[in-house]
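Asks: All I have is the shape, not the residue letters:
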């Protein structure tokens, strides 16, 4: 992992924090959504598995924020390619794999911040209720799971020019979030829509991150969905990455 | 021989590179589909040389540099830098480059950018030192996006100095800079070259090649058409002109002298253009009554045009302006150079 270091990561995170748009979309908006949708006084009394509905919604919003954060982090490669930065890095000892590792880790730092802000809002408002270990378990699941979307971000980042990439990410993640049941419970969808939703990339992950709260039977279709999309995004990212770094 | 606390390039961290050639290109071809960007070039650069690769746009300069940097692979032929593959030389910090444009992130500060690159090298010069050397220490906290073109170029130069490379490559380093910026930039490079660093730069500013390089490699349509000192390249292209005053010159005899390619008579003045002006002068002095003999070299500009432009425009100077290829060559930079000369 030539050239990889914590100090590089620090500069990358500082860079991310300078991007107001990224901050608003991945840190402020998910917390605001939680404050708007998750604080209904009925939700605090309504049970959801080991906790209440407010906690359920908090987890959904944290996931939304985290995937926005990691996708944006991954998609930074698009901007860096356009700026010729990737080319510049190729005349340094930094290996392409280390470069990707830096992007992934930077994404994870922003993803963690996003989860922390939403969970922080949950703690401050006293509405979400669930056992302490479920707070920790769900937060970890959301954070680690969001790595799936760092791969998605890398894929679209390598695929698209930088002018279009953020718009596409915002739009597609909104769509995926509806499909995954992050905004509206899938039980309110028509059966046909529900079947379709089960094939979208956030479906499996969303079910799995809520699992520590909801409990019950673990369905293999969720795991299958997650693995399938992981394979698709990683394969796509690797394919484009290889093309990009090939010395033609 | 330390100056400003800077050891000579590559003195400590790098393994001895001994008498190896800094750059060794052998029979290098590069094609992009049907486009043959580089058509079989051989180029050997010894350590310590300051070499300019000169040529019009599309001559294959950047393609050649990309192959030396390991950014692209030749379609045929060998590329070696200090006896190894370019990417190995890059990862050992033997070689670094100032890119033509881009290569910078707008949302980092100047200092952060240099620090970032410094972190990627196992051994690098201190950031402050490099900023100082490139003359941008005062703007270290400025965002890259707010820097002028000249400042950004100095930043690229600072980045390239970090690994204290044996060989520094600059691709059109002063493009888009004003005259003063160019002069300042080159004085930094010159100071650096004085320490013994090998420097290879591509340019289409003739003046830069003439003023700063020990050796000029002239490229045209993917081939090297001339390689030597500025003086050699000038004579190679066009020879020199002997001007003498002489009544009733024997034009036919003059034409028969070795190397002569044109004889022009203007009244009592005769102009003889030859690759071997010494013989012409000797002949004139020994065999004729010619006097007021004057030998003048043509400029590098004429040499450049003679060697890089096809057809009737060749050798006749850029003012001709008729050929399409000539326009491509001229590209604005000629007129600028000429006026500042």
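Replies: Looks like it came in fine. Everything numeric here is computed off the predicted structure, so don't read it as measured data. Numbering: from 1, shown residues only, chains lettered A, B, ... in the order given.
Asks: How are the helices of chain B distributed by residue range?
Replies: B:61-68, B:86-91, B:110-120, B:127-133, B:149-161, B:179-194, B:206-212, B:230-238, B:251-255, B:277-287, B:300-308, B:324-330, B:333-340 (DSSP state H).
Asks: can you list the weak-confidence ranges in the stretch 151-300 of chain B?
Replies: B:235-239, B:298-300 (pLDDT under 70).
Asks: what's the distance between the residue positioned nearest the centre of chain A and chain B?
Replies: Nearest to the mean C-alpha position of chain A, counting by CA atoms, centre = their mean, stands residue A:67 at 1.3 Å. Using CB to the nearest CB, to the nearest Å, we find residue A:67 at a distance of 23 Å from chain B. Any C-beta I mention is one placed from the backbone N, CA and C, and that applies to glycine too.
Asks: Secondary structure of that residue: a helix, I assume?
Replies: Yes - assigned with DSSP: H, G, I helix; E, B strand; the rest coil, residue A:67 falls within a helix.
Asks: The nearest residue to it once chain neighbours are set aside: how many residues sit nearby?
Replies: Nearest residue to residue A:67, sequence neighbours excluded (CB to CB, 6 or more residues apart in numbering or on different chains): residue A:149, at 4.1 Å. Using other CB atoms under 10 Å in any protein chain shown, residue A:149 is surrounded by 31 other residues.
Asks: I'd say residue A:149 and residue A:74 touch.
Replies: Yes - using CB atoms under 8 Å, residue A:149 makes contact with residue A:74 at a distance of 7.2 Å.
Asks: Mind putting the helices of chain B into CSV with mean neighbour count?
Replies: Formatted as CSV, these follow (neighbours: other CB atoms under 10 Å in any protein chain shown):
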stretch, mean neighbour count
helix B:61-68, 24
helix B:86-91, 22
helix B:110-120, 23
helix B:127-133, 19
helix B:149-161, 23
helix B:179-194, 16
helix B:206-212, 21
helix B:230-238, 20
helix B:251-255, 14
helix B:277-287, 16
helix B:300-308, 23
helix B:324-330, 17
helix B:333-340, 14
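Asks: With respect to residue A:54, which of those helices lies nearest?
Replies: helix B:110-120 (41.2 Å; CB to CB).
Asks: Show me what that closest one is packed against.
Replies: Applying 3 or more CB pairs under 8 Å, 6 or more residues apart in numbering or on different chains; DSSP states H and E, we find helix B:110-120 packed against helix A:6-18, helix B:127-133, helix B:149-161.
Asks: Figure out which of these is closest to residue A:61.
Replies: The nearest among these, by CB to CB, is helix A:6-18 at 20.1 Å.
Asks: Next, the angle from that closest one to helix B:110-120.
Replies: 150 degrees (axes from the mean of the first three to the mean of the last three CA atoms, to 10 degrees).
Asks: in helix A:6-18, what counts as buried?
Replies: For helix A:6-18, the neighbour count (16 or more other CB atoms under 10 Å in any protein chain shown) marks A:8, A:9, A:10, A:11, A:12, A:13, A:15, A:16 as buried.
Asks: The third one and residue A:71, how far apart?
Replies: Read it as residue A:10. In this structure, residue A:10 and residue A:71 are 22 Å apart, going by CB to CB, to the nearest Å.
Asks: near chain B, which residues of chain A?
Replies: A:2-3, A:5, A:7-8, A:11, A:14-15, A:18-19, A:80, A:83-85, A:87-94, A:247-248 (CB under 8 Å from any CB of the partner chain).
Asks: Perfect, that will be all.
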